[in-house]
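Colleague: just need the structure, nothing else, for what follows:
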Amino acid sequence: MPLITWKDEYSVNNVELDNHHKQLMATLNALYTECLKVDNVDCVRPKLEAFLAYAEYHFTAEEEYMRRIQYFEIDGHIEQHRGFSYKLAEMKRVQYRSDLELTRELITFIGKWLLHHVFEEDRKYALHAATAIKN
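Modeller: Presented below is the predicted three-dimensional model:
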């Protein structure tokens, strides 16, 4: 059973960015379903690296989109992206080979951040874009 399931209410009304968000959720779900097994000790690092790489790809595309729509809160949004990337890079340095508690902490951090960011922060630029189109 996945940890996070995509819901239409998460949509930012941009197919490309919605697909990115779905991929980030899928990667988190893989980390959750595959890496909380005691016998799978070498699982976390590659999944975390894949998540971080895709997040950076997504952040670049999302930030470009925000520039195109002239989103007025872009600087704060970019700061959130950088803070998240920095925290994940720090967590990547931790050895996750056998401590399930650290793995749970990582999954919880990513899951909470991702849901809050997509549902709260990203929806702000979606609302801005929708308002700009009407005007």
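
Colleague: Ala55 and Ala89, how far apart?
Modeller: In this view, Ala55 and Ala89 are 11 Å apart by CB to CB, to the nearest Å. (C-beta placed from N, C-alpha, C; glycine too.)

Colleague: which one's more surrounded, these two?
Modeller: Applying other CB atoms under 10 Å to Ala55 and Ala89 shows that Ala55 carries more neighbours, namely 21 against 11.

Colleague: give me the contacts around the helix or strand containing the more buried one.
Modeller: Ala55 belongs to helix 44-68 when assigned by DSSP states H and E. With CB atoms under 8 Å, 6 or more residues apart in numbering as the test, helix 44-68 has contacts from 14, 16-17, 20-21, 23-24, 27-28, 30-31, 34-35, 74, 77-78, 81, 84-85, 88-89, 91-92, 96-97, 103, 106, 110, 122, 125.

Colleague: for the helix or strand just after it, give the mean pLDDT please.
Modeller: Scanning forward in sequence from helix 44-68 by DSSP H and E, the next helix or strand is helix 74-92. Average pLDDT, helix 74-92: 93.

Colleague: show me what counts as buried in helix 74-92.
Modeller: 74, 77, 81, 84, 88, 91 (16 or more other CB atoms under 10 Å).

Colleague: which one of those residues is nearest to Ala129?
Modeller: Ranked by distance to Ala129 (CB to CB), the buried residues of helix 74-92 are led by Ile74 at 12.2 Å.

Colleague: which non-adjacent residue is nearest the closest one?
Modeller: Distances taken as CB to CB, 6 or more residues apart in numbering place Met66 nearest to Ile74, at 4.7 Å, with adjacent residues excluded.

Colleague: just to revisit the earlier point, by how many degrees do the helix holding Ala55 and helix 74-92 diverge?
Modeller: 170 degrees (axes from the mean of the first three to the mean of the last three CA atoms, to 10 degrees).

Colleague: mind listing what's buried in helix 44-68?
Modeller: 44, 47-48, 51-52, 55, 58-59, 62-63, 65-66.
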